[in-house]
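> sequence-free structure coming up:
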């Protein structure tokens, strides 16, 4: 029984179309600005070390891909059956070929293994003397940051000075999470009962996007963060701002005052710390929340609108969130938002 | 053995069930290996509760170990008896093996209840969890073995365990010896190498 | 005393009963195939909903918890209920025929494995009906799976369900090891066995050694959840990493369980449609053995982001790179088989060639993962999702479809349509590439995996949409396959004994084979029995057996024993001692009845 052969005319066209699509997609990955969480546009020494290694391996992989796929394509075109084809020679093997194509990949792998091992040791998370120590404590589903050098406690938005080595010491209060700010380098899991480390030195000022990268429950997708790289004066100013005492109540507007009253009476004090007002530790420290660019572990912008969305119904924005929905009128929500925004 | 099995050609010349039992034993090695490895990884890491030094009774467990070793001897003798068609001694040695196995289990039960009274349970600490799950799994294997042996004993009394059925006893024997060897390892790792 | 009564003489009831009590490897193979394919469609449906949810940011198609259940069940279903049982369908139907046996070593154990698999798969999916499907990932990391952080029954369904499936797999593993080691026809030396049989043997060794490890890991989890033990308890000084080590010690060999059978299939299909023997038979066999052994030494490459330290990372990087060599060697041997051949691109051949083309990509992204620093950017992102789908869909699934088209005529006595098959192939391959190739970029550009939505600001909307479109193309391809089956079920061309002019023994008998397989057990004299002048004897095999052939009848005790296990599991799940004891009772009765019933192999 003779089976049909496939139509080869359609094949090159399909292959061409596929190649074009791939090219479009590949080229679209070129610009770092369009992809704020890209690992391909590093802005730290750790990130660049990894990127250099990645590109070395990528080129070897592309090389092997081209050679082997070409061998496959040539074979299937050259030896497809035709009416004129004779019975093929019944070859069983070739020791020489087996040795060659065992050794060749082994050699390629050596070119990958050597830089790999070098980079492993260079990027093993030990930071140099004088690095800025930042303690990262992961929670379901937000990030807590401590700066023991200054006594600063904040959440979800980490600031670091450009050019100075930073040493992250990370642990979790509940389940396994993973700290990942791709432009600053690779990820590291954050576990209960253990401390893990990342060391890096950022080389350009700007805001870096990050996200939890180990499945940690219902709102894993919503556990995001920002790392802001400041120049040295900017960083000093940020630290000073974090340490500044709260603004006196008299300086608050009427709406902000109403917000403060709501903060005190609608249960917020049970979970949050606002210096001088409350000392809750279940949720993020809000003493200087007004100065952050995002809210609720970076799922919403820190604006009146963003805060209104969040405060109206936290579990709707972050399913599984421990922060309950407190019934409030629109005005009350706006007032509370205004108060929080005032906490610079 | 059925007439079909008697005439069946096999590639190795061995009965399929014997090879099957060896494959099963190989698999069980990984099972107990994982349990023992976990025990070793957590050794000395308990943060509270009784430790090995405080609670393990080596003299007592040496006796139960000896009992289990003797049961393997009885098993060997049972196989020898059934192979030569000796109905009486087949039953004696099968019963002896099962009895010694039950005595071993009795010692285990005593040990477990003593430990609970002394404050070591499954939940107490890492030692409690790893110890009880490891030795409990082993004990469950011994219990299954005892049931198997008693079933063979019943078959013998029904006149269905003649010399042509020696393989059935041999298979039980392989299992029984394996369970004994596992105990030697557990005894060494848990009791002797604290 | 097994002969099937003429079809019209059997009532529907007795026909169903004959399937429930069958111990015939050919029927069990069909049962596995049909069930596995149904689960494959279910897992695919789960994937389609996931892709719809991810077609844009904040799509709002499903809730976070539903999405988490979907990705957990998609992975669990595809690995344990689709690919593994589909491979088992081939082990069952093909291996005894290839080695010249009348059945497997333990036919009732074989039936038992099937029923336990089916009931276990149903058990796990019943969880959807109570709105509590497993939702902690197919890999269920501690301590998210602890009673504290996963208080519902979702994780219990998962852990108990997997234990049940493990029992089925280990039993089948033992069965096939003994079958291949002990029931080969005279002259069928090990190095004369077809590569598919070899890969089956190697896979079963991996199964019986790897599954006990996850059994222990799951026992620890269930004890922690149910009895308050401390295996994964940080407060008691335990290590959450213990789970990961145990899981991946199982989990990495598991991926070789998933791929080696498909590689075995490709090793049969390519020579047949190249009209040439497999190039480097011994090397292909040994590389499979080497992969199985080395596969035990690479597990922590799933843990590079944990921070095991530079020495551990370096060792596992090295072992992982090493395993790429025997894997690559197979690919070169397949290409060399085709080189100089007379290539006939039937659908089966297309799928095998597609396997090679896509597995190369999956293998290369695997090499990229083998470097720990680079992997710190790639792991837990869509890059690794791309990698394992290239090897599992582009590899295992394409290989299995190749096997389906290849052996369909033998199993059912009918040809599938080649023209519909080509549509199936192209839709699947184009769809798979459209779905999974962009994922390499999506991952490197910052999208982690296991997330039900993503920030629009990441710039990944378009690529995600493309991936979703690809997924629907793949789904269409699978539907086309179903259409092919339905279309040809009655109208398809009847198949003769050897429609593809294959070389192995399964082609030496009618399609479908008679219940006794070989009229006379042949003596094998060549690695290519049907392609060699003097390949086997008697040649040809007599049409009818010279004398009566004794075959075991059916038995319902495997089914009863399997039911006992499920009932006991239900008792464990619901915390009901009586139900558990009832299940154990049925189990014990089943085992004794099975042991004591007259059953001659």
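Here it is on my side, so go on. Since the structure is predicted, the reported quantities are computational estimates derived from the model, not experimental observations. Numbering: from 1, shown residues only, chains lettered A, B, ... in the order given.
> right, and the helix or strand after the helix or strand hosting residue C:365?
Using DSSP states H and E, residue C:365 maps to helix C:347-369. Per DSSP H and E, the first helix or strand lying C-terminal to helix C:347-369 is helix C:372-378.
> got a pLDDT number for residue 125?
As the question left the chain open, I've gone with chain A. Residue A:125 carries a pLDDT score of 88 in this model.
> wrong one, I was asking about chain C
98.
> what residues are up against it?
The contact partners of residue C:125, taken as Cβ atoms under 8 Å, 6 or more residues apart in numbering or on different chains, are C:42, C:73, C:77, C:133. From N, CA and C alone the C-beta is placed, and that goes for glycine too.
> again, 10 Å this time
Going by Cβ atoms under 10 Å, 6 or more residues apart in numbering or on different chains, residue C:125 touches C:39, C:42, C:73, C:76, C:77, C:81, C:133, C:157, C:161.
> which stretches of chain B have low pLDDT?
For chain B, residues meeting the criterion pLDDT under 70 lie at B:1-8.
> chain B: helices as residue ranges?
B:3-7, B:16-42, B:52-55, B:58-83, B:87-117, B:126-157, B:166-186 (DSSP state H).
> actually the stretch 1-150 of chain C, not the one I wrote
Remark: helices assigned in the stretch 1-150 of chain C by DSSP state H, counting those that start in this stretch are C:12-20, C:25-53, C:64-76, C:84-99, C:107-129.
> tell me which of those is the most buried.
Mean neighbour count (mean count of other Cβ atoms under 10 Å in any protein chain shown) peaks for helix C:84-99 among those, with a mean of 27.
> does that helix come close to chain B?
Yes - Helix C:84-99 comes into contact with chain B (Cβ under 10 Å from any Cβ of the partner chain), by way of residue C:99.
> report the angle between that helix and helix C:25-53.
Angle, helix C:84-99 to helix C:25-53, by axes from the mean of the first three to the mean of the last three Cα atoms, to 10 degrees: 150 degrees.
> any idea how far helix C:84-99 is from the middle of the chain?
11 Å (Cα atoms, centre = their mean, to the nearest Å).
> ok so, going back, which single one of the contacts of residue C:125 is nearest to chain B?
Distance ranking of those against chain B, using Cβ to the nearest Cβ, places residue C:161 first at 19.1 Å.
> give me the number of residues near that closest one?
Number of residues near residue C:161 (other Cβ atoms under 10 Å in any protein chain shown) recorded here: 25.
> show me what contacts residue 165?
I'll assume chain A. A:44-46, A:127-132, A:199-202.
> wrong one, chain C
Residue C:165 makes contact with C:76, C:79-81, C:84-85, C:116-117, C:119-121, C:123-124, C:211, C:214, according to Cβ under 10 Å, 6+ apart.
> ok, of those, which one's closest to residue C:592?
residue C:116 (17.9 Å; Cβ to Cβ).
> for the closest one, which non-adjacent residue is closest in space?
Spatial nearest neighbour of residue C:116, chain neighbours left out: residue C:168 (3.9 Å); criterion: Cβ to Cβ, 6 or more residues apart in numbering or on different chains.
> how much space separates that neighbour from residue A:212?
36 Å (Cβ to Cβ, to the nearest Å).
> could you do residue A:242 as well?
23 Å.
> over to residue C:346?
In terms of Cβ to Cβ, residue C:346 sits 48 Å off from residue A:212.
> pretty sure residue C:376 contacts residue A:187?
Yes - contact criterion Cβ atoms under 10 Å: residue C:376 and residue A:187 qualify, at 5.6 Å.
> which neighbours do these two share?
Residues touching both residue C:376 and residue A:187 by Cβ under 10 Å, 6+ apart: A:39, A:178, A:180, A:198, A:213, C:304, C:305.
> what number of residues lie near the last one?
Counted with other Cβ under 10 Å, residues neighbouring residue C:305 total 23.
> per-residue pLDDT, it?
pLDDT, residue C:305: 98.
> now the angle between helix C:84-99 and the strand or helix carrying the residue nearest to residue C:116, please.
Using DSSP H and E, residue C:168 falls within helix C:154-182. Angle of helix C:154-182 versus helix C:84-99, following the same axes, to 10 degrees, is 10 degrees.
> wait, does the following helix or strand past helix C:154-182 contact chain A?
Moving toward the C-terminus from helix C:154-182, the next helix or strand (DSSP H and E) is helix C:195-227. No - on the criterion Cβ under 10 Å from any Cβ, helix C:195-227 is out of touch with chain A, staying 13.1 Å away.
> any idea of the mean pLDDT for helix C:195-227?
Per-residue pLDDT over helix C:195-227 has a mean of 98.
> in that helix, what's buried?
Under the neighbour-count criterion of 16 or more other Cβ atoms under 10 Å in any protein chain shown, helix C:195-227 has C:195-225 buried.
> for residue A:154, give me phi and psi.
Dihedral angles of residue A:154 (phi, psi; degrees, to the nearest 10) stand at phi -150, psi -170.
> what's the burial count for it?
As a burial measure, residue A:154 scores 22 neighbours (other Cβ under 10 Å).
> just checking, it touches residue A:286?
Yes - with contact defined as Cβ under 10 Å, residue A:154 reaches residue A:286; the gap is 9.5 Å.
> need the residues touching each of the two.
By Cβ under 10 Å, 6+ apart, residue A:154 and residue A:286 have these common neighbours: residue A:292.
> picking that back up, please identify which of the contacts of residue C:165 is nearest to residue B:157.
residue C:116 (33.0 Å).
> can you pull out the low-pLDDT segments for chain C?
Across chain C (using pLDDT under 70), the flagged ranges come out as C:1-9.
> tell me, what residue is most central in it?
In chain C, the residue lying closest to the centroid (Cα atoms, centre = their mean) is residue C:84, at 1.8 Å.
> which ones are touching that one?
By Cβ under 10 Å, 6+ apart, the residues touching residue C:84 are C:32, C:36, C:39, C:78, C:117, C:165, C:168-169, C:172, C:203, C:207, C:254, C:257-258, C:261, C:396.
> can we see that at 8 Å?
Residues in contact with residue C:84, defined by Cβ under 8 Å, 6+ apart, are C:36, C:169, C:257, C:258.
> residue B:43 too?
B:52, B:127.
> do residue C:483 as well
Residue C:483 touches residue C:420, counting by Cβ under 8 Å, 6+ apart.
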